[in-house]
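A.B. asks: Need coordinates for the below:
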Amino acid sequence: MQTTLTRTLILWLAIVSTSALAGAVVNAQSNPRIIPAPKQLTVSEGTFTLSRDTRVVLADNKSAEDRFTAQDFIDDLKTSASVSLAIGGKSRHEILFGRFDTASIAQALQRNAIQIPDQLSDEGYLIFSNANEVIVAGKTSVGAFYGMQTLKQLVRGEGPNAFVPAVKIVDWPTMRWRAVSDDISRGPVPTVDYIKRQIRNLAFFKLNLHSFYMEHTFASESNPLIGPEGGSLTPAEIRELVKYARDYHVELVPEQQTFGHLHKALRLEKYAELAETPYGDVLSPQQLRSYQLISDWYKELNELFPGQFFHIGEDETFELGEGQSKTEAQAKGVGAIYFEHLNRVRDLLKPYNRKLMFWGDIALHHPDLIGNIPKDMIVMNWQYGAHDDFWFAIKPFQDAGLQQFVCPGAQNWNQIFPNTESGAKNIINFVRDGQKAGAIGMMNTTWDDDGESLFEVTWYPIALGAAASWQEGALDQDKFDRDFDWTFFRAEGDRFVKATRALGAVTAWLGATDELFWRDPFTNRFQSQARDSAERTRSMRLSVEEVAESLMRNEARARRNRSAIAAMKFAAQRFDHLGRRMEVMKKFSDQYWDAYLNLGDRAKTRKLRYYSGAIYNNLREMAEELSILKESYRQQWLAENRPYWLDSILARYDQMISLWLAKSRAMDEALRKYEATSTLPNPEEFGLGTRPAAAPVPNRSQ
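C.D. replies: Numbering: from 1, shown residues only. Here you go, the predicted structure:
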């Protein structure tokens, strides 16, 4: 009997396994999930099984670049698909990898009657797979590398059931440069290990530039006072990262500000005379030492970053013309002074033979002077609105014959979670219009304005920007969403992208920003919003709790980038706590006013023990939840960043915790006095807002 049951179970498991594999094969064949989506994709019948006999064969065995790429592919499959492959060796079952100009690749293409399209660029690649072989090739090692990133996404199944569907893919980028700018100056300064993680993920989505936005976080040897110890990129770290990024075909671009956003340097007495206004943000063009500082910085950066570009910043120079340059500004105009400085910096850096990038916002404010911009400079045209059309910002630079990058934003700044609704429209439409105008690149931006943003929650807009700039025309967001869970998390279905979109919608839905999270709840402003948004708050809490539950249930399904799920869960918890806080404050204010207007009704007044009691205390509960969130935030921060600046954010949690505990103690004292005097403090003076519109009429008979 036992033997029969065992055989039956084995047969049943085999049937289930075969059915699951068949379903995966059908799904992979009918709908390969690839981000960015390839330009040409043909799916055929059959699959290439990844068995223990499969070998990755290098067409050029001497190429260190190709060997690195092959090993990177093997390492990814081992962790994401439980498949162990090896490079080289004799096998009749191989993945042939290399450049078109190698003999074995050329023979394989001829054998399969494959022609290379003329429009294939140096970053273009080809993948061909059938039941017998897989060919991954490019015109250059870069193109072949990108082919392998796509092959990672094509591999379906796990372990002995892993396979590659039969396909032919020919693909190349629409935009030459595809970039991300990461703010490392207003709080979070990532660790070297986390920057490496960023580089790997950027390369996976075929991004090829990564820019460090720096105001004061470069550990300059010529100006050591400016870069904070423990909070700056050191020369040794930069060299290590440049070498690491080179293997992934990502160029690192230094963006050291040269005009505005320099308060952290100009607050120092040694540099104070260089400020346009005392201890301000803008470097004064009236001071020769201003240009010496720029020269010192970029001499060092030139030695550390061997790429093609310098990004000199130059945005948001709001104080220009208000201080040292006021007289000249009155004579020439602020715009003229700005462009004189821009040209002077350009001349200063000319010996380094770099392509200079600068932010285009100030130029757009002076359209009559845009023609003064040297034609060899690149406008980094940033716009963050969710517009249907971006020609208003693109056309002035196009008409002036200037090269430009379109620079949308991840909409992560000042947010608990990026506003994916606004951000997606901004990215898709701006990149679409940039392509039409012949923009040479896209640089997606992340910012840390309030110092507490976590990069780990920005991967959806980062991948969206990568896809929009590689693909041609307006990106289809629905298709992108269908592919996102598989490509980013290597998980079937759409649970994670649904969670991402749900969290991203909360900001637009409720205005649930960091500012609201830290707003004093014992103010008319907060309580008015809590009352006005009561129904939306309840709906929001149900939504984010559903997200948190879904993430908890499905986290183990993610075979790539699982750390992003922890950051998503933390965002859901913050949203839920904020909603709970608004509900607590509404109820507290309503009940307190009810008691205050009916002081003779001791039953109503004693209900206020819910806000001061030793056993159950709504106010202390808020403090307890915040203490849990504080520890979660600390863990999330340290998973990405150096300890530098962390305490200044944790202090915000401490301050809010103290606020709730103090109010609980004050409520306890108020109830003690009530027992003796039958009076309560005035609700408005006690921080419980104005009388609710639906407050009961006082019962004067009591």
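A.B. asks: Buried residues, stretch 45-54. List them.
C.D. replies: For stretch 45-54, the buried set under the neighbour-count rule, 16 or more other Cβ atoms under 10 Å, comprises 46-48, 50, 54. Bear in mind the C-beta positions are built from the backbone N, C-alpha and C, glycine included.
A.B. asks: let me redo that: stretch 506-517
C.D. replies: By 16+ other Cβ under 10 Å, the buried positions in stretch 506-517 come out as 506-507, 509-510, 512-514, 516-517.
A.B. asks: Max pairwise distance over those residues: which two?
C.D. replies: When those are compared pair by pair using Cβ to Cβ, the farthest-apart members prove to be Trp509 and Asp514, with a separation of 15.8 Å.
A.B. asks: re the thing from before, show me the buried residues of stretch 45-54 that map onto helices.
C.D. replies: Of the positions in those, not one sits in helices, assigned by DSSP state H.
A.B. asks: Export those to TSV and append columns for distance to Arg620.
C.D. replies: Compiled in TSV, these are given as follows (distance: Cβ to Cβ, whole Å):
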residue	distance to Arg620
Gly46	64
Thr47	60
Phe48	61
Leu50	56
Thr54	60
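A.B. asks: Could you list the low-confidence segments of this protein?
C.D. replies: Confidence mapping of the chain against pLDDT under 70 gives the ranges 1-30, 694-702.
A.B. asks: most centrally placed residue in it?
C.D. replies: In the chain, the C-alpha closest to the average C-alpha coordinate belongs to Thr458, at a distance of 2.4 Å (Cα atoms, centre = their mean).
A.B. asks: thought it was touching Ala410?
C.D. replies: Yes: counting by Cβ atoms under 8 Å, a contact exists between Thr458 and Ala410, whose distance comes to 4.6 Å.
A.B. asks: which residues are common contacts for the two?
C.D. replies: Overlap of the contact sets of Thr458 and Ala410 (by Cβ atoms under 8 Å, 6 or more residues apart in numbering) consists of 418, 446.
A.B. asks: what's the spacing between the longest helix along the chain and its chain's center?
C.D. replies: Longest helix of the chain, by residue count under DSSP H: helix 563-596. Centroid separation for helix 563-596 versus its chain: 25 Å, with Cα atoms, centre = their mean, to the nearest Å.
A.B. asks: all numbers from here: first residue = 12
C.D. replies: Renumbered: residue one is now 12, and that last one reads helix 574-607.
A.B. asks: could you point out which element follows that helix?
C.D. replies: On the C-terminal side of helix 574-607, the nearest following helix or strand under DSSP states H and E is helix 613-617.
A.B. asks: Return the set of buried residues in that next one.
C.D. replies: Residues 615-616 are the ones in helix 613-617 that count as buried (16+ other Cβ under 10 Å).
A.B. asks: What is the nearest of the buried residues of stretch 56-65 to Thr616?
C.D. replies: Looking at these and their distance to Thr616, the nearest is Leu61, at 71.9 Å (Cβ to Cβ).
A.B. asks: Now that closest one, what are its backbone angles?
C.D. replies: Taking degrees, to the nearest 10, you get phi -90, psi 100 for the backbone angles of Leu61.
A.B. asks: Find the nearest non-adjacent residue to it, please.
C.D. replies: The spatially closest residue to Leu61, leaving aside those adjacent along the chain, is Ala173, at 4.3 Å (Cβ to Cβ, 6 or more residues apart in numbering).
A.B. asks: Tell me how many other residues crowd the one you found.
C.D. replies: Using other Cβ atoms under 10 Å, the number of residues around Ala173 comes to 23.
A.B. asks: repeat for Ala155
C.D. replies: Applying the criterion other Cβ under 10 Å, we find 30 residues in the vicinity of Ala155.
A.B. asks: cool, Thr338 as well?
C.D. replies: The number of residues packed around Thr338, counting by other Cβ under 10 Å, is 10.
A.B. asks: for Val145, same thing?
C.D. replies: 25.
A.B. asks: Surely it is within a helix?
C.D. replies: No: the secondary structure assignment for Val145 gives strand rather than a helix, going by DSSP: H, G, I helix; E, B strand; the rest coil.
A.B. asks: how far away is it from Asn123?
C.D. replies: Taking Cβ to Cβ, to the nearest Å as the measure, Val145 and Asn123 are separated by 11 Å.
A.B. asks: Give me the common contacts of those two.
C.D. replies: In the contact map built from Cβ under 8 Å, 6+ apart, the residues linked to both Val145 and Asn123 are Phe139.
A.B. asks: I figured the residue nearest to Leu61 hits Ala92, correct?
C.D. replies: Yes: with contacts defined as Cβ under 8 Å, Ala173 counts as touching Ala92 at a distance of 5.1 Å.
A.B. asks: after the helix or strand hosting Gln409, next one along is what?
C.D. replies: Counting by DSSP H and E, the secondary-structure element that holds Gln409 is helix 402-410. For helix 402-410, the following helix or strand on the C-terminal side (DSSP H and E) is strand 414-418.
A.B. asks: Now tell me what touches whatever helix or strand comes next after that next one from outside.
C.D. replies: Sequence order places helix 431-447 as the next helix or strand after strand 414-418, per DSSP H and E. Helix 431-447 is contacted from outside by 185-186, 392, 394-402, 405, 415-417, 419-422, 453, 455, 471-472, 475-476, 479-480, 483-486, 488, 511-512, 514-516, 519, using Cβ under 8 Å, 6+ apart.
A.B. asks: wait, what's in contact with Leu315?
C.D. replies: Each residue near Leu315 by Cβ under 8 Å, 6+ apart is listed here: 246, 249-250, 253, 265.
A.B. asks: could these go into a markdown table alongside neighbour count and secondary structure?
C.D. replies: Output for the contacts of Leu315, formatted as a markdown table (neighbours: other Cβ atoms under 10 Å; DSSP: H, G, I helix; E, B strand; the rest coil):
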| residue | neighbour count | secondary structure |
| --- | --- | --- |
| Pro246 | 15 | helix |
| Ile249 | 22 | helix |
| Arg250 | 14 | helix |
| Val253 | 16 | helix |
| Pro265 | 24 | strand |
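A.B. asks: Which single one of the residues you listed is nearest to Asn219?
C.D. replies: If you rank these by distance to Asn219 using Cβ to Cβ, Val253 comes first, at 14.1 Å.
A.B. asks: For Leu96, grab phi and psi.
C.D. replies: Leu96 has phi and psi values of phi -120, psi 170 when expressed as degrees, to the nearest 10.
A.B. asks: measure it to Phe174 for me?
C.D. replies: Shown here: Leu96 relative to Phe174, a distance of 13 Å by Cβ to Cβ.
A.B. asks: Looking at the two, which is more packed in?
C.D. replies: Phe174 (24 against 20).
A.B. asks: Sweet, I'm off.
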